[in-house]
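> coordinates only, sequence not included:
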Ligand code: NAD
């Protein structure tokens, strides 16, 4: 079985503007999580392929790409965004079969990728330095310059969105990129390379080397030719990336997931909150760094919110990605084992509702019915661990103080939401919540590519998305000219 909408070679690396076989000659199987069947082969890139990709990026950095005026870089990015838009349906079908996410959710990712390219296309020639008042006889100003070669290691849960926010911003600043997509899902990363070539991106400005994390990923993270690393994934791997970067003394951006809370006060508009409370837990089968896996609810409305969420859960249907129902399979048998391990260890008396599995699910698919737990203790693993599956824990709280303590009581701090009609309370909570993004009476704000994103604590550091990312993907040079 193959994916009909793929129009580029899947089993090769994209290096220096050309499709090339991995030097080791080996490939890896790509599994469709909905069926467990192989749908493609990808290159098993290794250290030598990463060396070639970094050399190509260095050539682009020192050549046409490095010298290209910012507005022309923007034009190429705009063309890439246009092609992504035109191919959004094809890209969505590829992603749905590669990641297992329902088709409509995969289409949202394709449109987000287009938006990232549009946003960074427009921003490319608007990153400016400053002039600084200084001593008499001096003129001082700053320049924002690209790092040079940037490395990008992305996970399997949102390949298109994460490539857009990371590679899109890096290219806009004039960096030359080496991208190592996740071995579980890298078909749209390769599509992105094909689109870049079609849009006229100079050879070497974007290089894609698929492969295993401990091989291609580790080689990229430790490569002395890389001047900045961007990583999204697990805390354990993030620590390895940061250690490798420390060895080479290069900056890193780490986005490592979370245990994000939505806090519902007793004056909240519960009907407005309900879809956000549930969707933020089950989107992409809960395999989302910013999933709202904790729902904190004030006592007076606790029973009501439990009942509302449980009713919604019972109506959710889990089905193959191309059936486009509420929830698809998990990415892999391994991820399913991890999630089922948490479910087995949880107190069965706390379960409030499970979603339904569709009839006749393919046997090899990695399906888990979303599970909603109530009355969860803030110290319970369900309320502390990033499960990365469709599992939500409802935790009751008494008052504002209690809510802040519980919300801030994990090692993570990615995003948080507060639901209340009390404006003063909204502002107090915004200030006290430890998180990189805080939402008031919504969750996720539609994902806006314009909105800087990143965490505190074990959720990581550095910011991607929005204009802020352009600062991260650049270095500031101060020029002091003495002229008397
Ligand atoms: P991971 O962090 O190991 O993988 C993410 C990326 O890192 C992949 O591209 C992988 O190939 C690469 N990688 C793995 N080992 C590497 C190494 N030694 N050096 C360099 N790169 C390496 O994540 P995983 O094993 O796929 O998933 C495990 C857990 O991580 C999940 O259960 C979830 O909790 C978390 N996770 C978080 C996110 C997120 O968006 N923050 C995404 C994926 C996974």
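Yes, it's here. The shown structure was predicted, so the numbers you read here are calculated from the model rather than taken from an experiment.
> going forward, measure contacts and count neighbours with C-alpha atoms only.
Noted.
> Assumed residue 55 was part of a helix.
Yes - inclusion of residue 55 in a helix is indicated when DSSP: H, G, I helix; E, B strand; the rest coil is applied.
> Who are the contact partners of it?
residue 225 (CA atoms under 8 Å, 6 or more residues apart in numbering).
> Tell me how far it lies from the ligand.
Per CA to the nearest ligand atom, to the nearest Å, residue 55 is found 19 Å from the ligand.
> pLDDT score for that residue?
Looking at residue 55, its pLDDT stands at 98.
> Can you report how many residues lie near residue 349?
Residue 349 sits with 9 neighbouring residues when counted by other CA atoms under 10 Å.
> residues in contact with the residue nearest the centre of the chain?
Centroid-nearest residue in the chain, with CA atoms, centre = their mean: residue 162, separated by 4.3 Å. Residue 162 is in contact with 154, 232, counting by CA under 8 Å, 6+ apart.
> mean confidence for the helix or strand where it lies?
Using DSSP states H and E, residue 162 falls within helix 159-172. The pLDDT scores in helix 159-172 average 98.
> any idea which helix or strand comes after it?
strand 176-180.
> what angle separates the following helix or strand past that next one from strand 176-180?
Using DSSP H and E, the helix or strand that follows strand 176-180 in sequence is helix 187-199. Helix 187-199 and strand 176-180 are oriented at 150 degrees to each other (axes from the mean of the first three to the mean of the last three CA atoms, to 10 degrees).
> So which residues on the stretch 151-300 of the chain come close to the ligand?
153-157, 181-183, 212-214, 217-218, 221, 232-234, 237, 255-257, 288-289 (CA under 6 Å from any ligand atom).
> Also the stretch 351-484 of the chain?
Within the stretch 351-484 of the chain, the positions adjacent to the ligand are 386-388 by CA under 6 Å from any ligand atom.
> could you redo the residues you listed as JSON lines and give each row neighbour count, secondary structure and distance to residue 89?
What follows is those, written out as JSON lines (neighbours: other CA atoms under 10 Å; DSSP: H, G, I helix; E, B strand; the rest coil; distance: CA to CA, whole Å):
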{"residue": "386", "neighbour count": "22", "secondary structure": "coil", "distance to residue 89": "31"}
{"residue": "387", "neighbour count": "24", "secondary structure": "coil", "distance to residue 89": "30"}
{"residue": "388", "neighbour count": "25", "secondary structure": "coil", "distance to residue 89": "27"}
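> pLDDT below threshold where in this protein?
For the chain, the stretches flagged by pLDDT under 70 are 1.
> quick check: domain ranges of it?
Under the assignment automatic domain parsing, the domains of the chain span 13-256, 261-448.
> where exactly do the strands run in the stretch 251-400 of the chain?
Assigned by DSSP state E, counting those that start in this stretch, the stretch 251-400 of the chain shows strands spanning 252-255, 261-264, 294-298, 317-318, 351-354, 356-357, 371-373, 391-397.
> Name every strand pairing with the first one and say which way it goes.
Yep, that's strand 252-255 we're talking about. When sheet partners are counted by DSSP bridges, strand 252-255 sits next to strand 228-232 (parallel), strand 460-461 (antiparallel).
> same check, this time on the fifth one
With DSSP bridges as the test, strand 351-354 is paired with strand 371-373 (antiparallel).
> just checking, residue 467 touches residue 124?
No - look at residue 467 against residue 124 with CA atoms under 8 Å: they stay out of range, at 9.7 Å.
> Same drill for the two, tell me which one is more crowded.
residue 124 (26 against 20).
> was I right about that one contacting residue 76?
No - if you go by CA under 8 Å, residue 124 and residue 76 don't touch, sitting 10.5 Å apart.
> Residue of the stretch 51-200 of the chain closest to the ligand, please.
The nearest approach of the stretch 51-200 of the chain to the ligand comes at residue 182, 3.3 Å away (CA to the nearest ligand atom).
> Report the beta-bridge partners for that residue.
residue 185.
> what about it, how many neighbours?
22.
> and residue 320, how many residues sit next to it?
With other CA under 10 Å as criterion, residue 320 counts 27.
> about what we covered before: quick one: which of the residues of the stretch 151-300 of the chain next to the ligand sit in helices?
218, 221, 237 (DSSP state H).
> that's a strand at residue 36, yeah?
No - the assignment for residue 36, made by three-state DSSP, is coil rather than a strand.
> Contact partners for the closest residue to it other than its chain neighbours?
Counting by CA to CA, 6 or more residues apart in numbering, residue 364 is the residue found nearest to residue 36 once chain neighbours are left out, at 4.4 Å. Applying CA under 8 Å, 6+ apart, one finds that residue 364 lies in contact with 33-37.
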